[in-house]
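Q: coordinates only, sequence not included:
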């Protein structure tokens, strides 16, 4: 995947943490 931005932000409510949230967070730190 081509990197278009140097910095990004990920936010939201993680009241019920599930594997979709985990995948999003892990991808954000790649």
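A: Alright, I've got the coordinates. As the structure is a prediction and not an experimental result, all values here were calculated from the model. Residues are numbered from 1 along each chain as shown.

Q: can you count the residues close to residue 4?
A: Neighbourhood size, residue 4 [other Cβ atoms under 10 Å]: 6. Heads up, the C-betas are built off the backbone N, CA and C, glycines and all.

Q: go on, residue 15?
A: 5.

Q: And residue 21, by the same measure?
A: Neighbour tally, residue 21, other Cβ under 10 Å: 14.

Q: Give me the spatial nearest neighbour of it, chain neighbours excluded.
A: Setting aside the residues directly before and after it, residue 21 is nearest to residue 14 in space (Cβ to Cβ, 6 or more residues apart in numbering), at 5.5 Å.

Q: hang on, isn't the one you found packed against residue 22?
A: No. Counting by Cβ atoms under 8 Å, residue 22 is not a contact partner of residue 14; they are 9.9 Å apart.

Q: Residue 21: what secondary structure?
A: With DSSP: H, G, I helix; E, B strand; the rest coil as the basis, the three-state label of residue 21 is helix.

Q: Residue numbering should commence at 260 henceforth.
A: Okay, residue one is now 260; in that scheme the one you just asked about reads as residue 280.

Q: how close does it sit to residue 274?
A: Here residue 280 is placed at a distance of 10 Å from residue 274 (Cβ to Cβ, to the nearest Å).

Q: Strands along the protein, start to end?
A: Ranges of strands in the chain, per DSSP state E: none exist.

Q: quick one: low-confidence parts of it?
A: Low-confidence segments of the chain, defined by pLDDT under 70, are located at 260.

Q: Show the residue spans covered by the helices in it.
A: In the chain, helices defined by DSSP state H lie at 278-287, listed in chain order.

Q: what's the distance between residue 286 and residue 277?
A: In this view, residue 286 and residue 277 are 15 Å apart by Cβ to Cβ.

Q: ditto for residue 268
A: Distance of residue 268 to residue 277, given as Cβ to Cβ: 21 Å.
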